[in-house]
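Colleague: Build me a model from this:
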Amino acid sequence: MQDVELVEAAPPGDSELRDAGRRTRGPRRRVVAVVAGVAVLGALAVHQGAADARARADLEQVATVPGVLPPVGDRLQARWDRRDDGAAPPIATLAGPHLVAAETTREGLLRVQEVDRATGRPRWTTDVPAPAVAGGVDPEAAEPVRCEPLDDPGRAARVVCAAVAPHESVPVPPGPRATTFAVLDAADGTLVAVRTVSTELWTVRGDVVVLASSHDTGGSTTWVVLATDLTAADEPEPVWRTTTPPQQRSVAVGPDGQELAWRDLQTSAARVLLTDGDHAWLLSADGALLRSLDTGARVATLGRTGLVGLVDWSAASGFDRPRGALVVGDATLPVHETLLAPAVDDGTAADVEVLQSFDGPVVVRSGRTGGELWRSREDVTATVLLDGVLYAASPDGVVARDAVTGRRVWQGDGPDARMLATDGRVLLVLSSLTVRAYALSDGAPLWTQDVRALAADGSGDAWWLTTAWGMLAVVSAHAFTVVG
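Modeller: Numbers count the residues shown, from 1 in each chain. As a prediction, this is how the structure comes out:
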């Protein structure tokens, strides 16, 4: 026999275990870290791509809001101009992203064009035979052709333009006149429909055209208001029709002693407002008569929420302020303000009504109750409402506040801010012939520029800035110069 001693290997120490673990886990950890890093970068890229897509979609959406300018760079330049040729420029409107203008010709045609906002040149031109002006109209004596966008979600952008038959006497007597309406595809000018009807006033609500005509009988007047789809294949039947109660015609006198004989048709939110001198009628979206108003010398205006504002300007004399009121349901609420439509309004903060105090500050009220929500501490000359924020220009600069609560978001200093404009990315504050740009998000000042030298007529004498045609332009003695 032989003695054999069994010797066990010593158990590995902690350090050896850690080293072995590192040797086996190190490569695995590196692989996991690389995979995780790639996943994180991929997720960030997807998130950034989605954020960029949302930002592009937001800018595309805000670009269709009436009054929003084309994208503005960090240095304004002259883009194109219209020289003074002795004829008034046609009135233009935005239908989606398309700027459409129209005018009548000497040959009795309704000429409709899309204006390229970058160059000022026509993108398309459509001539429409217009029976209302078939005899031909001197362009210098013709009434301006008004165009309005038809709002029908899910369909291509369309526009309706109306040419009114000329009238020989001035002032034009009240009553219906032959009017040719042309509906066109705003993207390419394709003619969708053309109708000639007799009407006195018209406006657009959604995808229908609202017409109103007065009829005098035995010293009293009634109005017929109807909504119609002009694109119907056959002779269109009214979507709805309403006749107002007869009224005795009376004379309202303004602060200058002149007779007030205005007639107007407005639509906003779910309301239609017809005004005839010292009477007004408030209708629902389906034509139901909600209220008859005896306005007297007060001017009736329809707000963005459907509230009716009344202002008696004849009461303003010396140090006396005008008298104002809001029509809320069946009640009339006295106020010390008048409705102030924002220069740009994207429809957010839907229950907010913006008013201008007779003393200067802006006053924001509830569209449901007329109750005051908040008022500014400074005088206000113009407002812009975007994404729930109300931007207000004042002699000391511009202030951005939450439109519902009045909470100050930011404040930018700048002398004598008179008008506001925006391209959806920056806020432009216009002061005489100086433009100041601020970031919409936080009010950071971006740049300042004097635009006198951009006037295209060579006179060197620019007059003022305007945002007509949905573009920023310098008006001078003989030119309308678009800048951007």
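Colleague: In this structure Asp359 contacts His336, no?
Modeller: Yes: between Asp359 and His336 a contact is recorded at 7.4 Å, counting by Cβ atoms under 8 Å. C-betas here are computed from N, CA, C, even on glycine.
Colleague: list the residues that contact both of these two?
Modeller: By Cβ atoms under 8 Å, 6 or more residues apart in numbering, Asp359 and His336 have these common neighbours: Arg321.
Colleague: Tell me how far Thr93 lies from Val327.
Modeller: The spacing between Thr93 and Val327, counted by Cβ to Cβ, to the nearest Å, is 28 Å.
Colleague: can you check Arg321 too?
Modeller: 20 Å.
Colleague: more crowded one of the two?
Modeller: For Arg321 and Val327, the more surrounded residue by other Cβ atoms under 10 Å is Val327, and the numbers stand at 24 against 12.
Colleague: Just the pLDDT for the residue positioned nearest the centre of the chain.
Modeller: Most central in the chain under Cα atoms, centre = their mean is Pro66, positioned 3.2 Å from the mean C-alpha point. For Pro66, the pLDDT comes out at 85.
Colleague: Now do the same for it: helix, strand or coil?
Modeller: Classification of Pro66 by DSSP: H, G, I helix; E, B strand; the rest coil places it in coil.
Colleague: Wait, it touches Thr467, no?
Modeller: No: Pro66 is beyond contact range of Thr467, at 10.6 Å (criterion: Cβ under 8 Å).
Colleague: coming back round to it: contacts only, for the residue nearest to the centre of the chain.
Modeller: Applying Cβ under 8 Å, 6+ apart, the residues contacting Pro66 are Thr93, Leu94, Val344, Asp345, Gly470.
Colleague: wouldn't the third one be in contact with Val65 here?
Modeller: Going back to what we said before, that points to Val344. Yes: using Cβ under 8 Å, Val344 is in contact with Val65, at 6.1 Å.
Colleague: Could you check which of these two has the larger neighbour count?
Modeller: Comparing Val344 with Val65 by other Cβ under 10 Å, the one with more neighbours is Val344, at 25 against 17.
Colleague: so who does that one touch?
Modeller: Val344 sits next to Val65, Pro66, Gly67, Val68, Val384, Leu385, Leu386, Leu420, Ala421, Thr422 when contact means Cβ under 8 Å, 6+ apart.
Colleague: mind checking how far it is from Gly412?
Modeller: Counting by Cβ to Cβ - Val344 and Gly412 are separated by 17 Å.
Colleague: do Ala269 as well
Modeller: Applying Cβ to Cβ to Ala269 and Gly412 gives a distance of 31 Å.
Colleague: Can you pick out the residue with more neighbours from those two?
Modeller: More crowded of Ala269 and Gly412, by other Cβ under 10 Å: Gly412, with 21 against 15.
Colleague: can I assume that one is in contact with Val398?
Modeller: Yes: contact criterion Cβ under 8 Å: Gly412 and Val398 qualify, at 4.9 Å.
Colleague: overlap in contacts of those two?
Modeller: Both Gly412 and Val398 are contacted by Val429, Tyr438, Gly443, under the criterion Cβ under 8 Å, 6+ apart.
Colleague: and the second one, what are its bridge partners?
Modeller: When assigned by DSSP bridges, Tyr438 has beta-bridge partners Leu427, Pro445.
Colleague: List the residues that contact it.
Modeller: Val398, Gly412, Val426, Leu427, Val429, Ala444, Pro445, Leu446.
Colleague: 10 Å instead?
Modeller: Tyr438 makes contact with 391, 397-398, 400, 410-412, 414, 420, 422, 426-429, 444-447 under the criterion Cβ atoms under 10 Å, 6 or more residues apart in numbering.
Colleague: Just the buried residues of those.
Modeller: Among the contacts of Tyr438, those classed as buried by 16 or more other Cβ atoms under 10 Å are 391, 397-398, 400, 410, 412, 414, 420, 422, 426-429.
Colleague: Can you tell me how far the nearest residue to Pro144 once chain neighbours are set aside is from Asp379?
Modeller: In this structure, Pro144 finds its nearest non-sequential neighbour in Ile91, 5.1 Å apart by Cβ to Cβ, 6 or more residues apart in numbering. Per Cβ to Cβ, Ile91 is found 31 Å from Asp379.
Colleague: just Asp423 next, same as before
Modeller: Asp423 is 26 Å from Asp379, by Cβ to Cβ.
Colleague: more neighbours, those two?
Modeller: Asp423 (22 against 16).
Colleague: these two touch, right, that one and Arg117?
Modeller: No: with contact defined as Cβ atoms under 10 Å, Asp423 and Arg117 do not form a contacting pair (11.2 Å).
Colleague: which residues do these two both contact?
Modeller: Joint contacts of Asp423 and Arg117 (Cβ under 10 Å, 6+ apart) are Leu69, Pro70, Met471, Gly484.
Colleague: How confident was the prediction at the second one?
Modeller: By that I understand Pro70. pLDDT, read off for Pro70, is 91.
Colleague: List the residues that contact it.
Modeller: 63, 79, 97, 99, 117-118, 423-424, 470-472, 482, 484.
Colleague: let's see 6 Å
Modeller: Arg117, Gly484 (Cβ atoms under 6 Å, 6 or more residues apart in numbering).
Colleague: ok, now how distant is it from Leu99?
Modeller: Counting by Cβ to Cβ, the gap from Pro70 to Leu99 is 9 Å.
Colleague: for Arg271, same thing?
Modeller: In terms of Cβ to Cβ, Arg271 sits 28 Å off from Leu99.
Colleague: These two: which is more packed in?
Modeller: Between Arg271 and Leu99, counting by other Cβ under 10 Å, Leu99 is the more crowded of the two (22 against 19).
Colleague: who touches the helix or strand where Arg401 lies?
Modeller: According to DSSP states H and E, Arg401 maps onto strand 397-402. With contact meaning Cβ under 6 Å, 6+ apart, strand 397-402 is reached by 389-392, 408-414, 417, 429.
Colleague: and the next element down the chain from that strand?
Modeller: Counting by DSSP H and E, the next helix or strand C-terminal to strand 397-402 is strand 408-413.
Colleague: Could you spell out the sheet neighbours of that following strand, each with its direction?
Modeller: Here strand 408-413 has these sheet partners by DSSP bridges: strand 397-402 (antiparallel).
Colleague: so Ala178 touches His167, yeah?
Modeller: No: with contact defined as Cβ atoms under 6 Å, Ala178 does not count as touching His167 (10.3 Å).
Colleague: neighbour count winner among the two?
Modeller: Ala178 (17 against 12).
Colleague: Okay, now the unreliable bits of the stretch 101-250 of the chain?
Modeller: Flagging of the stretch 101-250 of the chain using pLDDT under 70 yields the residue ranges 136-141, 169-172, 249-250.
Colleague: Now do the strands in it.
Modeller: Using DSSP state E, counting those that start in this stretch, the strands of the stretch 101-250 of the chain run over 109-115, 122-129, 146-150, 158-164, 177-185, 191-199, 201-205, 208-217, 220-228, 240-243, 247-248.
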